[in-house]
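# Based on what follows, work out the 3D shape:
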Amino acid sequence: MRDFANTKNSKIKNRKKKKAIFTKKRGSANSLSRNIISFILFLSFSLMLISVFYFETEISSFKPKETMNSITIDFPTSLLKDSILIESDLSINNLQCEYFIQIGAYGNKKYALEAKTMLEGIVENISINDVYSSQNPRKLLNSVISGPFENRSAANNAKEKITIEGFEPRLRTICKQ
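So this is what the prediction gives:
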């Protein structure tokens, strides 16, 4: 029978595995010597002592003063004792308010017409008004407005429908006496 375990070849293979690339070239020297570490510790300790004596710091615990206030919050009963009446002005109730929704203000009339046609089936009473820009008074804008609405609730419902379509409308209120 033949012996397949060649001892000579296995020794050669072990030598090839131990290349100089994988070995450590320098010894086990520390990157920081003991002298440097001791100098850093001495420096930090001396700076701490200098700061304590130079700034005259006193290390003591902070104790707050005792308060002598006794506050009781008795909100509902205090309102019953001191009732306050506020007189309402009747002129506020006589105001007639109309609510409008400004859908957008466009510099080009074709974009205003496009917005109007997109929302005609969704919101009623859409009109295009010519207004001048507040930032640039010479610039004419085409404002797309829906309304008037009877109350704020109806205007908010229409505003929500317009928002779903992708616009950013604003609620406008005009009150007259």
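# mind checking the SS state of I101?
strand (DSSP: H, G, I helix; E, B strand; the rest coil).
# which residues does it form a beta bridge with?
Legend: beta-bridge partners of I101 under DSSP bridges are S146, L171.
# what about it, how many residues close to it?
25 (other C-beta atoms under 10 Å). (Glycine included, C-beta is placed from N, CA and C.)
# I'd like the distance between it and T173.
The span separating I101 from T173 equals 10 Å under the rule C-beta to C-beta, to the nearest Å.
# What count of nearby residues applies to F149?
With neighbours defined by other C-beta under 10 Å, the count for F149 comes to 23.
# Next up, the contacts around it.
Listed by C-beta atoms under 8 Å, 6 or more residues apart in numbering, the contact set of F149 reads 98-101, 155, 158.
# Could you tell me what pLDDT the model assigned to I145?
pLDDT recorded at I145 is 90.
# And it, how far from Y106?
For I145, the distance to Y106 - C-beta to C-beta - is 12 Å.
# neighbour-wise, which of the two wins?
A count of neighbours by other C-beta under 10 Å puts I145 above the other of I145 and Y106, at 21 against 17.
# isn't that one right next to I101, touching?
Yes: assessed by C-beta atoms under 8 Å, I145 is found in contact with I101 at 6.9 Å.
# which neighbours do the two share?
In contact with both I145 and I101: R172, using C-beta under 8 Å, 6+ apart.
# show me the contacts for T173.
97-100, 152.
# Buried only: go through these for me.
Buried members of the contacts of T173, scored by 16 or more other C-beta atoms under 10 Å, are 99-100.
# pLDDT for the contacts of T173 - can I get that in TSV?
TSV is the format used below for the contacts of T173 (pLDDT from 0 to 100):
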residue	pLDDT
C97	84
E98	87
Y99	88
F100	89
R152	88
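# Let's have the contacts of T173 in TSV, adding distance to I128.
Compiled in TSV, the contacts of T173 are given as follows (distance: C-beta to C-beta, whole Å):
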residue	distance to I128
C97	23
E98	18
Y99	18
F100	13
R152	24
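# For Y106, list each beta-bridge partner.
N142.
# Now do it, the pLDDT please.
On the pLDDT scale, Y106 gets 88.
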